[in-house]
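Enquirer: Next input, structure requested:
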Amino acid sequence: MKLPKILAFISLSAIIACSKVSPPAPYGACPTPQQVAWQRMEINMFCHFGPNTFTGAEWGDGTEAEELFNPTALDCRQWADIAQRAGMGGIILTAKHHDGFCLWPSKQSAHTVAQSTWRNGKGDVLQELSDACTEAGVAMGVYISPWDRNAPTYGTPQYNETFRMTLEEVLSRYGTVGYDGKRHIFEQWFDGANGEGPNGKKQTYDWQLFNGTVARLQPEALIFSDIGPGCRWVGNENGEAGETCWSTLNTDGYAPGAGSPPIDTLNHGNLRGAKWVPAETDVSIRPGWFWHADEHPKSVAELLRIYYSSVGRNSLLLLNVPPDSRGLISAEDSVRLLEFRAALDSIFSTDMAKSVQITASHTRGGKRCKEFSPHNLTDGDYDTYWAVDDSILTPVLTLSFNQPVTFNRIMLQEYIPLGQRIAAFEIEYQETDGRWCRLAEGTTIGYKRIILTPKTTTKSLRISIKSSLACPILNNIGLFMDNIL
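Expert: This next block holds a predicted model:
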């Protein structure tokens, strides 16, 4: 048999053999397609806007005169344009904060834009944001606070029905218009805050009713709360997910707000948690959540640190950018956002792993099986991945370069549609004399883990999975140089 025919025969044999190898089965709790798409957004914009913008308060008491709300130059298209240019896929607006003021003309309240002098009482912020998001191709979400310091029925069973009807209004009328012609809300944000105190009104929220209303009207929307079910609070407002951050959570026996899991659990998730409830890290670009004239945005360096400790630790970053009393995102905030975007693009535009040769101690179906080859780790396709046989829990990847490379950021990604698996890993680099030296170690990876290392120059890296709940699956490896931090 001639050599070309032999090679063709071997190649065909490898394809046939690999075709008989099934992909790894999903492990444990796994995300819905909507949760995967949400996680891949990575950074979204939060907009705190309402009477507090004009009073200087952070928590209004619900007695504010409606005339206070009077933005002189409201332009939601400006918000959406800045979000889009800053690489943010969605905007979540405080449609109703704790003061109960509704940014749309709600029939369930007398404390709304309809009672204000803004646009002669004919204005509707949610409608303007819906139109702006549709034009810019930006997803729209809404924050609707269950705590209401204005509603006369708050503290009675009747309030739950009032709140249900409030949700009905928003979720049936507003959102980004999709290809199907329908309006879509990508995330429903339920804040668990309630500062009524021991002598205040006590409201027993009907979460089953609230969540059911969202699911019925916006079935693809992720519901945010301390226990999800779509995504969870990370447990702080500092921009920090846990060094260990599982997307899985045990929610039985817990409720949003006072009945939430411990802060440490929210920050780290639960090993082998029963439900997929990934962490969302909410933090403001300014010291406060609402706009205050005497405050200024965080530096690019601070925002990069937040990015590494949120997106870089298997969390989504929800960055609050509050519109000012004109109804515009201030110039210094918008400039800072674009500087932040430029910094990220500068750091992550050059991936040194694209020129690497990767070998694996194990490959599912054998080394000739391209379907699960380590070469999938650098092909740029999210849905291709390297995997090993079910019995292999501690495989090793070796990255070899023709020329030495210098980096200080390593990115690893698990293929989360099949679950989160890896519980510990170690990274080593090879010295010129052949010695292997430990560079970094960590626990969870999840959707994305960015490991910050000292500036390192080497021709070889070794990534060892030290512990995994099921056979590890990785779909991306990247090496980058951050010259800013």
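
Enquirer: For the helix or strand containing residue 266, list every residue counted as buried.
Expert: Using DSSP states H and E, residue 266 falls within helix 263-268. Within helix 263-268, the residues scored as buried using 16 or more other Cβ atoms under 10 Å are 265-268. Heads up, the C-betas are built off the backbone N, CA and C, glycines and all.

Enquirer: Distance to residue 125 for the residues you listed - can I get that in a markdown table?
Expert: Listed next are these as a markdown table, based on distance: Cβ to Cβ, whole Å:
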| residue | distance to residue 125 |
| --- | --- |
| 265 | 35 |
| 266 | 30 |
| 267 | 33 |
| 268 | 37 |
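
Enquirer: which one of the residues you listed is nearest residue 93?
Expert: residue 266 (23.7 Å; Cβ to Cβ).

Enquirer: contacting residues for that closest one?
Expert: Each residue near residue 266 by Cβ atoms under 8 Å, 6 or more residues apart in numbering is listed here: 226, 232-235, 260, 279.

Enquirer: before we move on, what about residue 235?
Expert: 263-267.

Enquirer: How much space separates it from residue 331?
Expert: As judged by Cβ to Cβ, to the nearest Å, residue 235 and residue 331 stand 33 Å apart.

Enquirer: Ramachandran angles for the most centrally placed residue in the chain?
Expert: With distances taken as Cα atoms, centre = their mean, residue 316 lies nearest the centre of the chain, 2.0 Å away. Dihedral pair for residue 316: phi -90, psi 140, per degrees, to the nearest 10.

Enquirer: So which residues of the stretch 51-200 of the chain form helices?
Expert: With DSSP state H, counting those that start in this stretch, the ranges of helices along the stretch 51-200 of the chain come out as 52-55, 76-85, 125-136, 157-173.

Enquirer: between these, which one is nearest to residue 484?
Expert: Here helix 76-85 is closest among these (Cβ to Cβ), at 19.4 Å.

Enquirer: What are the buried residues along the closest one?
Expert: So, applying 16+ other Cβ under 10 Å, buried residues of helix 76-85: 76, 78-84.

Enquirer: what's the average pLDDT for the helix or strand where residue 460 lies?
Expert: Secondary structure from DSSP H and E places residue 460 in strand 449-468. Averaged across strand 449-468, pLDDT comes to 98.

Enquirer: ok, now stretch 109-118?
Expert: The pLDDT scores in stretch 109-118 average 98.

Enquirer: End to end on that stretch, go ahead and measure it.
Expert: 17 Å (Cα to Cα, to the nearest Å).

Enquirer: Over to stretch 106-125?
Expert: OK, stretch 106-125 end separation, Cα to Cα: 12 Å.

Enquirer: Between its first and last residues, what's the separation in stretch 218-227?
Expert: Start-to-end span of stretch 218-227 (Cα to Cα) is 19 Å.

Enquirer: Pull out the buried positions in that stretch.
Expert: Neighbour counts over stretch 218-227 (16+ other Cβ under 10 Å) mark 218, 221-227 as buried.

Enquirer: Show me which pair in those residues is furthest apart.
Expert: 218 and 226 (20.1 Å).

Enquirer: next structured bit after the helix holding residue 266?
Expert: Helix 263-268 is succeeded, C-terminally, by strand 275-276 (DSSP H and E).

Enquirer: ok, that next one: who's next to it in the sheet?
Expert: Next to strand 275-276 in the sheet, as set by DSSP bridges, lie strand 248-249 (antiparallel).

Enquirer: And the average pLDDT for the strand it pairs with is what?
Expert: 98.

Enquirer: let's number from 9 now, not from 1
Expert: Sure, I'll start counting at 9 from here, so that last one is strand 256-257.

Enquirer: ok, residues contacting that strand?
Expert: 36-37, 235-236, 240, 269, 273, 277-285, 428.

Enquirer: For PyMOL, write a command that selects the buried ones of the residues you listed.
Expert: Of the contacts of strand 256-257, the buried ones go into a single PyMOL selection, burial set by 16+ other Cβ under 10 Å:
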select buried, resi 36+37+235+236+240+269+273+277+278+281+283+284+285+428
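
Enquirer: What is the burial count for residue 402?
Expert: Number of residues near residue 402 (other Cβ atoms under 10 Å) recorded here: 15.

Enquirer: circling back: adding secondary structure and pLDDT, write the buried residues of stretch 226-235 out as CSV.
Expert: Output for the buried residues of stretch 226-235, formatted as CSV (DSSP: H, G, I helix; E, B strand; the rest coil; pLDDT from 0 to 100):
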residue, secondary structure, pLDDT
226, coil, 98
229, coil, 98
230, strand, 98
231, strand, 98
232, strand, 98
233, strand, 97
234, coil, 97
235, coil, 97
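
Enquirer: give me the beta-bridge partners of the closest residue in space to residue 198 that isn't next to it in sequence?
Expert: For residue 198, ignoring the flanking residues on the chain, the nearest one in space by Cβ to Cβ, 6 or more residues apart in numbering is residue 233 at 4.5 Å. Beta-bridge partners recorded for residue 233 (DSSP bridges): residue 240.

Enquirer: Hmm, residue 233 is touching residue 196, no?
Expert: No - counting by Cβ atoms under 8 Å, residue 233 stays clear of residue 196, with 9.1 Å between them.

Enquirer: Residue 315 belongs to a strand?
Expert: No - counting by DSSP: H, G, I helix; E, B strand; the rest coil, residue 315 is not found in a strand; it is helix.

Enquirer: ok, it touching residue 349?
Expert: No - using Cβ under 8 Å, residue 315 is not in contact with residue 349, being 10.7 Å away.

Enquirer: rewinding a little: which two of the contacts of residue 274 have the greatest separation?
Expert: Farthest-apart pair in these is 268 and 287; separation 13.2 Å (Cβ to Cβ).

Enquirer: list residues touching both of those two?
Expert: Counting by Cβ under 8 Å, 6+ apart, the shared contacts of residue 268 and residue 287 are 241, 274.

Enquirer: Looking at the two, which one has more neighbours?
Expert: residue 287 (26 against 19).

Enquirer: how near is that one to residue 72?
Expert: The separation that residue 287 has from residue 72, given Cβ to Cβ, amounts to 33 Å.

Enquirer: do the same with residue 293
Expert: 24 Å.

Enquirer: Break down the stretch 309-458 of the chain into its strands, ranges please.
Expert: 323-328, 365-368, 394-395, 404-422, 430-438, 444-450, 457-476 (DSSP state E, counting those that start in this stretch).

Enquirer: Quick check: which of the ones you listed is buried the most?
Expert: Ranked by mean neighbour count, these are led by strand 394-395 with a mean of 27 (mean count of other Cβ atoms under 10 Å).
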